[in-house]
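What would the 3D arrangement of this be:
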Amino acid sequence: MGHDHGHDHTHGANKKALMISFFITTGYMIVEAIGGFLTNSLALISDAGHMLSDSISLGVGVLAFIMGEKVANYSKTYGYKRFEILAALFNGVTLSLIALYIFYEAYHRFLNPPEVASTGMLVIAIIGLTVNLVVAWILMRGDTEENLNLRAAFLHVLGDLLGSVGAIVAAVLIMFFNWGWADPLASVIVAVLVLISGIRVAKDAVHVLMEGTPRNVDLDDIINTMESFPGVLGIHDLHVWSITSGQNALSCHAVVDGTISVGESQKLLRSIEHELQHKGIGHVTIQMENDEHPHGDSLMCQQEHEEHNH
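Modelled structure (predicted):
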């Protein structure tokens, strides 16, 4: 129960952090986009493009938290918690596409560097850096380690922050040395960062959607923990997956000593569940099997056995 309360508390804090960040980022993204067009700076426009993906990311993130709060029903027995992972995947793909567009634009600008109003560019980039620092600080106070959605948003903002630094350096180089190529160069650096974070977030989201083993779970350790309990002879058909960020589930068959009574096996089950909760697994389903009735009797095992034989 305390575990759930802690989860609800961080959930509320994460949602609030995303909401505040969404309003700040969206407001400044509009300013930066207008500034980029007025000063003719690709570095600013690419940073604004990145900020647009930020506000989409943050907006979808907030929506994911709201959707995730919807109660589970017969058609969605886990509720809508997976929406958060879909949001992260959407962000990852959006980031990658924005990066590819910036590369395309920068290529043309390297061939033919246009005039850039460097003073205006510098002022907007400095304000942008300040805004990004504030948003990054707000998001850092949330749970960026465990929550994939919040981490995706944080990576977006981090890329933005570096984008603003790039735009500041480019503006200074244009002002003092008249190096027009500094503007597309800064945008390419931003695009590389955007692409890396986009691919990483998409990969993590796909891993969750493919029911991959959570990164913070060591399967050997889980098996050893369960088999260390007296009376447990073996574990098979073990599956560990994530429902959403920070919510892991486990199902398995446990072969137990035939001499164990029903009361003792219930006690054993509770002890195992308690131990697994300390290892980050909240939803545990264990099918106890008597060693006199091997796992071949189980339908799931028969099915898996047939699949292996084919």
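
Give the buried residues for stretch 256-269.
256, 260, 265, 268-269 (16 or more other CB atoms under 10 Å). The way it works is simple: take the backbone N, C-alpha and C, and place the C-beta from them, glycine included.

In terms of distance to A170, which of the residues you listed ranks first?
Checking these against A170 by CB to CB gives L269 as the nearest, at 62.2 Å.

now the closest one, nearest residue through space, not along the chain?
With sequence-adjacent residues excluded and distances taken as CB to CB, 6 or more residues apart in numbering, L269 is closest to I286, at 6.0 Å.

again, but for I199
Nearest to I199 is S96, by CB to CB, 6+ apart, at 6.2 Å.

Determine whether the claim that that neighbour is in a helix is correct.
Yes - judged by DSSP: H, G, I helix; E, B strand; the rest coil, S96 forms part of a helix.

Give me the neighbour count for it.
19 (other CB atoms under 10 Å).

quick one: contacts for it?
Applying CB atoms under 8 Å, 6 or more residues apart in numbering to S96 gives the contacts 194-195, 198-199, 202.

And whatever helix or strand H207 lives in, what does it pack against?
Using DSSP states H and E, H207 falls within helix 182-209. Using 3 or more CB pairs under 8 Å, 6 or more residues apart in numbering; DSSP states H and E, the elements in contact with helix 182-209 are helix 42-68, helix 83-111, helix 148-177, strand 232-244.

Report the buried residues of the helix or strand just after that helix.
Next helix or strand after helix 182-209 toward the C-terminus (DSSP H and E): helix 219-227. By neighbour count on 16+ other CB under 10 Å, the buried set for helix 219-227 is 222, 225-226.

just curious, which of the residues you listed is nearest to A48?
Distances from A48 to the buried residues of helix 219-227, taken by CB to CB, are shortest for I222, at 46.0 Å.

Hmm, the closest one is touching N248, no?
No - taking CB atoms under 8 Å as the definition, I222 is not a contact partner of N248, at 10.3 Å.

joint contacts of the two?
240, 281.

my read: the residue nearest to L269 touches A254, true?
Yes - if you go by CB under 8 Å, I286 and A254 touch, sitting 5.3 Å apart.

okay, those two: which has more neighbours?
A254 (24 against 21).

Would you confirm that the more buried one belongs to a strand?
Yes - per three-state DSSP, A254 lies within a strand segment.

Spit out the contact partners of it.
Per CB under 8 Å, 6+ apart, neighbours of A254: 226, 232, 234-235, 272, 286-289.

ok, now how distant is it from E115?
Counting by CB to CB, to the nearest Å, the gap from A254 to E115 is 72 Å.

before we move on, what about I98?
For I98, the distance to E115 - CB to CB - is 25 Å.

Neighbour count: these two, which is higher?
Each of I98 and E115 has its neighbours counted (other CB under 10 Å); I98 has more, 20 against 9.

Poorly predicted segments of this protein, please.
Across the chain, the ranges flagged by pLDDT under 70 are 1-11, 71-74, 76-79, 143-146, 149, 291-310.

Nearest residue to the middle of it?
Centrality entry for the chain: nearest residue to the mean C-alpha point is L148, 2.3 Å, by CA atoms, centre = their mean.

was I right about it contacting N216?
No - using CB under 8 Å as the test, L148 is too far from N216 to be in contact (11.8 Å).

if we can go back for a sec, which residues does the residue nearest to the centre of the chain contact?
With CB under 8 Å, 6+ apart, L148 has these contacts: 84-85, 88, 201, 204-205, 208, 244-245.

Great, nothing more from me.
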